[in-house]
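Q: Sequence first, predicted coordinates after that:
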Amino acid sequence: MSIYEERLSRVRQRMEEQGVELLFLSPSPYMFYVTGIRHPHFDVMRLPGDWLSGVFISLDKGPIFVAHWMLARMVQRVMMPGDLVSEMRALEQDGDPLALLRSVVAEFRLRQKRIAVADHTWTRFTEALRAIVPDARVSLASELMDMMMAAQDEEALRRMRKIAEITDAAYQEVVRHLCIGVTEEEMRREVDYQLRKFGSEGNSFSTGVFFTRPGDVPPIPGKHLQPGDSVTFDFGGVYEGYSSDFGRAAFVGEPPAEYLKVHELVLRAQAEAMKAMKPGQITCEEVDAVARKVIADQGYGPNFTHRLGHGISITVHNPPFLDSGDKTVLQSGMTFTVEPSVRVEGRFSNRVEDVVVVTDEGGVSLNTCPRELYIVD
Amino acid sequence: MSFYEKRLEKVRQAMAQWGADLLFLNFGPDMVYLTGVQTPMYYHILKGNGDWINGLLVSVDKDPILILQESMAVISAESLAQTGVQDVRVMSREEDPKSFFEKIVADFRPQGKTIAVGKAVWSQSLLALREAAPGAQFIPATSPMMDKVREVKDEEEIRLMRKAAEITDATLAATISNMHSGMTERDVAIEVEYQIKRAGGDGYSFYPGIICVGLGSDPERKIMTRNTDMVLQSGTTVAFDFGVLYKGYCTDFGRTVFVGDPNPEALRAYESIVKGSRGIVEQMGDRKMSPEQIADFVKDSVTADGFGEYYWYYGLGHAIGLEVHEAPWLRPGFKEPVRKGMCFTIEPKIWKSGEFYVRVEDVVVVGKERGECLTKFSYEPQIVE
């Protein structure tokens, strides 16, 4: 069975459990997860009937891909072997999208009229659906699929390992561009460029390169790097639809003893949290607490101001979250960023971030990039 | 009156025409148009906690209200500072999105009213609106309404489009100077992405496309196949199709670069589309021609030069502004004369499978008497070794 066939059968199992008869996935991580279909122009091409682009899945039919004929043809051209579509229904030139939707929906015998749609599906679609199935009970795909998508299968892990590799390589090239006089913006551009050079499809989110300078409160924008600055990186790429998220720290000149201690502290917080990340034994909020305690015990509690990490796979942030309040129990194959940081305003900033997969032996980093503090001389 | 105030007036007039008492828009081009607030990158990535709540509520008499999740407010801080909206309601993480939303909507007394909803508004937002406004009627997906309002660009929009066009020109210049045979299509595309940011763009308006054709290259190759590992070699043509995103405004632009000595037929084809382009821009004055006629003009010009068989007629171009593709399209079926202030791409192309692909593309604003290319990069055939 191909990876998408496996995923489809899992989705159908969930549908059955939750009584959902028909699932509509508009272009979204959900559609990509089940079929492998994506196209860079989904967001850009404005064609008649673009609101009904997507796949229809029932317990025994589909995925049926529906779109304007131009988009259908473009998708066909970029489809990879193994991508899962049972058939394509194209909206003809000057065709009526509503009539097409009506004919597609008519093929599914809906008894309870329980239909789930991808989150962020446009109102145009659900309104049209309501016109065709007036007593439809519409729920969201997230309820059906989020937890399933939180645990990665072999194929997802393969891609995430690959983007981690690319991200590591990009960083190791980028960090050598740190020099006196460079700006944050120049560094951001270099990150984006190197990510692409090493094979990333793009950014998973907007790149951050931050210079923290003693006494610089409020921070001046457009600074040129100078001795005494601490530098933190936060960026990620995409490979075959899967995201990375990564961070390291650097210092310009001889770091003060305190900064070196903080660097080790942040690394230790990450390592202890990772050790604790065993399936079935711990919750997300407990993992966050492990890292937080390490940092708070040395007096830097108030300087670690955000959650320890977030689920990541196709999109850069997905549930669950390594955060107080999230009581999800860790499962094998879940992938999280583990990103403790210590930021002392007006003094320095330090962080580390890797993508970690939950295994029986604890959390294992997909990134292999060394975590040493990089010194710019 | 500021330009945001004037735009609000235009929208209110359109609402009156459509019988809409209220309008709800989420982040996107319509939001930028009315408020200057850009779509935060995280909008499409972060989920949950009432993400459906982010939006603008416009009525015919009360001031518009911008509703934001706390996380989006933090991310949008920069554009919020410049916004035309006075009334911004930020929902903190602890609050219940539904009751927060309902309280705001209740102020508009929505029961039984007619509510228009932006074209890309999420279903969950509409669901919440339904619950907050019992008995209200909905006009889903105001595509025609808002799109028509945005058809004619005001002075400020044209100023921003001009700036985006400048950045586009600079991007191509810098890319060409770093271009040479032996690079792949993908290498050139990566260079374009880099140069867009270096020139001051916020990013690309769509994924840049580099298409190299010639020397008997794959005859099955289609026009939308781009950025492959095909190596640029002497005798090939390299077509550019890329755009810049600047403060929400988009360009869509192209030229053709010749690697080594240009194939003479390719060069003649190139000169033909340049002539067609120049010719039609001259004609694009207020109410002088319809999109259909504009498309026909260039087709006829290129056909008269002998390249009719390989001319890509399907679309000479499209309107452009806050979205890369806006209506109307420059092709048969679109008969309403174009008006001053509309912006279009003019993108004639000649495709001869395996031999060459030449294209030029410019963003053109319709003027009183004639059009003006906002993108000003030279039409001189560009040659790299």
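A: Structure's in. What do you need? Values in this document were obtained by computation on a predicted structure and should not be read as measured data. Numbering: from 1, shown residues only, chains lettered A, B, ... in the order given.
Q: what about the helices in the stretch 51-200 of chain B?
A: B:70-75, B:77-81, B:97-106, B:123-132, B:143-149, B:155-177, B:185-198 (DSSP state H, counting those that start in this stretch).
Q: Least confident of those helices, on average?
A: Between the helices of the stretch 51-200 of chain B, the one with the least mean pLDDT is helix B:77-81; it has a mean of 79.
Q: low-confidence ranges in the stretch 1-150 of chain A?
A: For the stretch 1-150 of chain A, no stretch has pLDDT under 70.
Q: go with 80
A: A:1, A:40-46 (pLDDT under 80).
Q: quick one: stretch A:337-349 near chain B?
A: No - Stretch A:337-349 stays out of contact with chain B when judged by C-beta under 8 Å from any C-beta of the partner chain, the minimum separation being 13.4 Å. All C-beta spots, glycine's among them, are computed from the backbone N, C-alpha and C.
Q: Just the buried positions in that stretch, please.
A: A:T337, A:V338, A:E339, A:P340, A:S341, A:V342, A:R343, A:V344, A:R347, A:F348, A:S349 (16 or more other C-beta atoms under 10 Å in any protein chain shown).
Q: Stretch A:186-198 now?
A: A:186-198.
Q: And stretch B:288-302, by the same measure?
A: Neighbour-count burial for stretch B:288-302 [16+ other C-beta under 10 Å]: B:288-299, B:301-302.
Q: what's the spacing between it and its chain's center?
A: 22 Å (C-alpha atoms, centre = their mean, to the nearest Å).
Q: need the buried residues of stretch A:186-198 in JSON lines with pLDDT, distance to chain B and secondary structure, can you?
A: Below are those laid out as JSON lines (pLDDT from 0 to 100; distance: C-beta to the nearest C-beta, whole Å; DSSP: H, G, I helix; E, B strand; the rest coil):
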{"residue": "A:E186", "pLDDT": "97", "distance to chain B": "9", "secondary structure": "helix"}
{"residue": "A:M187", "pLDDT": "98", "distance to chain B": "12", "secondary structure": "helix"}
{"residue": "A:R188", "pLDDT": "97", "distance to chain B": "8", "secondary structure": "helix"}
{"residue": "A:R189", "pLDDT": "97", "distance to chain B": "5", "secondary structure": "helix"}
{"residue": "A:E190", "pLDDT": "97", "distance to chain B": "9", "secondary structure": "helix"}
{"residue": "A:V191", "pLDDT": "98", "distance to chain B": "11", "secondary structure": "helix"}
{"residue": "A:D192", "pLDDT": "97", "distance to chain B": "7", "secondary structure": "helix"}
{"residue": "A:Y193", "pLDDT": "97", "distance to chain B": "5", "secondary structure": "helix"}
{"residue": "A:Q194", "pLDDT": "98", "distance to chain B": "10", "secondary structure": "helix"}
{"residue": "A:L195", "pLDDT": "98", "distance to chain B": "10", "secondary structure": "helix"}
{"residue": "A:R196", "pLDDT": "97", "distance to chain B": "4", "secondary structure": "helix"}
{"residue": "A:K197", "pLDDT": "96", "distance to chain B": "6", "secondary structure": "helix"}
{"residue": "A:F198", "pLDDT": "97", "distance to chain B": "10", "secondary structure": "coil"}
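Q: Any chance of these in CSV with distance to A:R292 as columns?
A: As requested, the buried residues of stretch A:186-198 are arranged in CSV below (distance: C-beta to C-beta, whole Å):
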residue, distance to A:R292
A:E186, 34
A:M187, 29
A:R188, 29
A:R189, 34
A:E190, 33
A:V191, 29
A:D192, 32
A:Y193, 36
A:Q194, 33
A:L195, 31
A:R196, 36
A:K197, 37
A:F198, 34
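Q: Up against chain A, what does chain B have?
A: B:41-42, B:44-48, B:117, B:119-127, B:138, B:140-141, B:190, B:193-194, B:197-198, B:205-207, B:222, B:224-225, B:323-327.
Q: Weed out the non-buried ones from those residues.
A: Judged by 16+ other C-beta under 10 Å, buried ones among the residues of chain B next to chain A: B:42, B:45-47, B:117, B:119-127, B:138, B:140-141, B:190, B:193-194, B:197-198, B:205-207, B:323-327.
Q: wait, what's in contact with B:A319?
A: B:E151, B:H325, B:E326, B:A327, B:P328, B:W329, B:M342, B:C343, B:F344 (C-beta atoms under 8 Å, 6 or more residues apart in numbering or on different chains).
Q: For the residue nearest to A:A170 when sequence neighbours are not counted, which residues are in contact?
A: Leaving aside its sequence neighbours, A:A170 sits nearest to A:Q194 (C-beta to C-beta, 6 or more residues apart in numbering or on different chains; 4.0 Å). Contact analysis of A:Q194 by C-beta under 8 Å, 6+ apart lists A:A169, A:A170, A:Y171, A:E173, A:V174.
Q: could you list every residue that touches A:M147?
A: Neighbours of A:M147 in contact, by C-beta under 8 Å, 6+ apart: A:P319.
Q: any idea how far it lies from chain B?
A: 13 Å (C-beta to the nearest C-beta, to the nearest Å).
Q: Report the buried residues of the helix or strand harbouring that residue.
A: Applying DSSP states H and E as the criterion places A:M147 in helix A:141-150. Neighbour-count burial for helix A:141-150 flags A:A141, A:S142, A:L144, A:M145, A:D146, A:M147, A:M149, A:A150 (criterion: 16+ other C-beta under 10 Å).
Q: Next, count neighbours for A:P302.
A: 11 (other C-beta atoms under 10 Å in any protein chain shown).
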